[in-house]
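Novice: From the sequence below, what's the structure:
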Amino acid sequence: MAEAPGSGRRSLYKAAGSPSWKEAFRQGCLERMRNSRDRLLNRYRQAGGGVPGSAQSTLLVHEVMEEEWSALRSVEGRPEVSAQLEEPVDLAVLEEIQQELADQERSIISEYEKSLQFDERCLSIILAEWEANPLICPVCTKSNLRVANGVVTCPCGLYLSNHACDTWTAIL
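Specialist: Numbering: from 1, shown residues only. Sure thing, here's the model as predicted:
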């Protein structure tokens, strides 16, 4: 005999309107990955940007999944979630979620690399234009500015240095 929806044993495992733990876990992981974009890019930069394909997908995926799993298990006052987590874990579902996160991670890194390439092209164009049409020194208004090793100089004594913090300083 069938039970009425929302009553008895069924309500312990699936509350009406609440997503399954798998969907809640998937959505939580995806949200954590989006919110961890800065952390991902910092790790990518620390790795030198040249992370091999299979290792690339492990920069943040496992950590995000572990954080979300801990958060999901720590939800108190939600018996439907606790009851659902008692069911056997389907490894195929976890692998599918892991693949989604790895795809999102690769997408973020790809977007970052495209941005870097664009910045490099812009800088190259600016430097080429500068070499083709030298700038006259704004201090002496006589000599052309010279660029060498990230330093802009003029015979009049103007010295612009690009420090590690990417700010230009002028020394006269």
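Novice: measure Asp119 to Asp38 for me?
Specialist: From Asp119 over to Asp38 the distance is 18 Å, taken as Cβ to Cβ, to the nearest Å. To be clear about C-beta, it is placed using only N, CA and C from the backbone, and glycine gets the same treatment.
Novice: Point out where the chain drops to low pLDDT.
Specialist: 1-19, 49-58, 75-89, 162-172 (pLDDT under 70).
Novice: One more pass at 90, please.
Specialist: Within the chain, the stretches with pLDDT under 90 are 1-98, 100-102, 104-106, 123-136, 138, 143-152, 159-172.
Novice: Where does the record place the domain boundaries for it?
Specialist: 19-86, 88-133, 135-164 (the TED database).
Novice: which of the ones you listed is buried the deepest?
Specialist: Mean neighbour count (mean count of other Cβ atoms under 10 Å) peaks for domain 19-86 among those, with a mean of 15.
Novice: Shouldn't Ala71 be within a strand?
Specialist: No. Assessed with DSSP: H, G, I helix; E, B strand; the rest coil, Ala71 is helix; it does not lie in a strand.
Novice: That one against Cys29, yeah?
Specialist: No. Using Cβ atoms under 8 Å as the test, Ala71 is too far from Cys29 to be in contact (10.0 Å).
Novice: I'd like the next helix or strand past the top helix by length along the chain.
Specialist: Taking DSSP state H as the assignment, the helix of the chain that covers the most residues is helix 91-132. Following helix 91-132 in sequence order, the next helix or strand is strand 146-148 (DSSP states H and E).
Novice: next structured bit after that next one?
Specialist: Using DSSP H and E, the first helix or strand after strand 146-148 is strand 151-153.
Novice: Return the list of strands paired to that next one, each annotated with direction.
Specialist: strand 146-148 (antiparallel), strand 159-162 (antiparallel) (DSSP bridges).
Novice: Quick one: closest of those strands to Glu67.
Specialist: Go through the strands paired with strand 151-153 one by one with Cβ to Cβ and the one that ends up closest to Glu67 is strand 159-162, at 38.4 Å.
Novice: Could you export the closest one as CSV, CA atoms only?
Specialist: Provided in CSV are the C-alpha atoms of strand 159-162 (Å, rounded to 0.1, in the frame of the first residue of the first chain):
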residue,chain,number,x,y,z
TYR,A,159,64.2,58.9,-14.4
LEU,A,160,60.9,56.9,-14.3
SER,A,161,61.3,53.5,-12.7
ASN,A,162,58.7,50.7,-12.7
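Novice: hmm, back to that, so can I have TSV of the strands paired with strand 151-153 showing distance to Glu131?
Specialist: What follows is the strands paired with strand 151-153, written out as TSV (distance: least, Cβ to Cβ, whole Å):
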stretch	distance to Glu131
strand 146-148	8
strand 159-162	16
